[in-house]
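**Student:** Sequence plus the predicted model coming up.
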Amino acid sequence: MYIDRMLRIIAGSFILISLALAVKVNINWLWFTAFVGLNLFQSGFTNWCPMITILEKLGMPKFPKECAQK
């Protein structure tokens, strides 16, 4: 697994979890959904995402092994 795939998995999970929490616990969890969406939106323009920085520090590879060998 590499950073781009993990980032999409984490973002999708955060959105689904926060939506479930908004339905079951409190509607204010939608603010977290909006936060994740805004981060995804701004990262499309700036190519910077806080989660990528965290994943890099945790040692997640940037590219799949097949691409790195070529």
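**Tutor:** Great, that's in hand. Residues are numbered from 1 along each chain as shown.
**Student:** tell me the secondary structure for M60?
**Tutor:** coil (DSSP: H, G, I helix; E, B strand; the rest coil).
**Student:** who's in contact with it?
**Tutor:** For M60, the contact set (Cβ atoms under 8 Å, 6 or more residues apart in numbering) comprises 1-3, 6. C-beta here means a position set from N, CA and C on the backbone, and glycine is covered the same way.
**Student:** remind me which residues of this protein are low pLDDT?
**Tutor:** Residue ranges of the chain with pLDDT under 70: 66-70.
**Student:** The same query, at a cut-off of 80, please.
**Tutor:** Within the chain, the stretches with pLDDT under 80 are 64-70.
**Student:** what about the strands in it?
**Tutor:** Remark: no strands are assigned in the chain by DSSP state E.
**Student:** report the longest helix in it, please.
**Tutor:** helix 3-24 (DSSP state H).
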